[in-house]
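Student: what shape does this take:
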Amino acid sequence: MTLSEIPQGASRHAADGRAAADVATAAGALLLAHRTDQEEAGADPSDVRKAGDRLSHEYLVATLGRRFPGDAVLSEEGADDPARLGARRVWIVDPLDGTREFGEPGRTDWAVHVAVVEDGRLVAGAVAMPALGATFSTADTFAPPPPLPAVPRVVVSRTRRPEPVMAMAGALGAELIEMGSAGAKAMAVVRGEADIYAHTGGQYEWDSAAPVAVARAAGLHVSRVDGSAPHYNQENPWLPDLLICRPELADQALGVLGR
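Tutor: Below you'll find the model as predicted:
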């Protein structure tokens, strides 16, 4: 297919994916520099986290506003403007996903999420993992996944393990891998380091929009735990459950999670 034969929407959405990656990566660089400076100064971890959230939020909102002046923005750290519901394009961002891990020296399992919804459809996104020096976006070309291991690997929180997720892991005889942020968990599946990320403990749109966009681009199964598709830019941004996994494991996982 030549460039002139690429559908206009597909080309634009690829550009959105690259923009999301650029912006998320830049915000991540700011966060890394901030964490290093504050650790060297002996700052309180709580203050490091709060300032990091604010720093990344302000950068993302300002940069997206400058690059896409007609688009709305929904951010975890900003006041929700109902005008986004009438906007054709809405950027959904989590300036610092895994705030707890960000405040712990040396941890890498935190992320920056940037995604865009157009005409009610999630069309592009990126997840930056700054401490790993990596950003994953819908503009990437993903390699085929490795062979599925004999024992499935399920990423779980260090502190919150909802019963449905643990029941699913038990039913599959899975190995548990502890990890921090939602973005880090989802990207572990994208990277082939885990096979299932399931969440039933409550989230918002900014927690999952970018990870969902990237996981779909990578050819993974993505759904709510009842098998339905997640929807974004809703009046209430509460989106409490999610399943991202290797397609081969989807039916088994949903069979337990959907009970």
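
Student: and the pLDDT at the residue nearest to Gly98 when sequence neighbours are not counted?
Tutor: Using Cβ to Cβ, 6 or more residues apart in numbering and skipping residues adjacent in sequence, the residue nearest Gly98 is Ser181, 2.7 Å away. Where you see a C-beta, it was placed from the backbone N, CA and C, and this is true even at glycine. pLDDT recorded at Ser181 is 95.

Student: check Ile6 too.
Tutor: pLDDT, read off for Ile6, is 39.

Student: ditto for Ser46
Tutor: For Ser46, the predicted pLDDT is 95.

Student: list the buried residues in the helix or strand hosting it.
Tutor: Here Ser46 sits within helix 45-67, counting by DSSP states H and E. Residues of helix 45-67 classed as buried: 48-49, 52-53, 55-61, 63-64 (neighbour count, 16 or more other Cβ atoms under 10 Å).

Student: closest one of those to Asp207?
Tutor: Asp53 (13.9 Å; Cβ to Cβ).

Student: name all residues that make contact with that closest one.
Tutor: Asp53 sits next to Glu77, Pro95, Leu96, Thr99 when contact means Cβ atoms under 8 Å, 6 or more residues apart in numbering.

Student: burial measure for the second one, as a count.
Tutor: Spelled out, it's Pro95. By the criterion of other Cβ atoms under 10 Å, Pro95 has 28 neighbours.

Student: which ones are touching Ala210?
Tutor: Contacts of Ala210 (Cβ under 8 Å, 6+ apart): Ala20, Ala24, Ile92, Val93, Asp94, His113, Val114, Ala115, Gly125, Ala126, Val127, Gly183.

Student: doesn't Arg160 lie inside a strand?
Tutor: No: assignment of Arg160 by DSSP: H, G, I helix; E, B strand; the rest coil gives coil, placing it outside any strand.

Student: which residue sits closest to it, ignoring its sequence neighbours?
Tutor: Going by Cβ to Cβ, 6+ apart, Arg160 has Gly201 as its nearest residue, at 5.3 Å.

Student: name the SS class of that neighbour, please.
Tutor: At Gly201, secondary structure determined by three-state DSSP is coil.

Student: also Ala27?
Tutor: Ala27 is classified as helix under three-state DSSP.

Student: cool, Phe142 as well?
Tutor: Assignment for Phe142 (three-state DSSP): coil.

Student: gap between it and Ala217?
Tutor: As judged by Cβ to Cβ, to the nearest Å, Phe142 and Ala217 stand 7 Å apart.

Student: who does the helix or strand just after the helix holding Ser46 pair up with?
Tutor: The first helix or strand that comes after helix 45-67 along the chain, using DSSP H and E, is strand 72-75. If you go by DSSP bridges, strand 72-75 pairs up with strand 89-97 (parallel).

Student: helix or strand for the residue sitting nearest the centre point of the chain, which one?
Tutor: Nearest residue to the geometric centre of the chain (Cα atoms, centre = their mean): Pro211, 3.0 Å. Per DSSP H and E, Pro211 falls inside helix 205-217.
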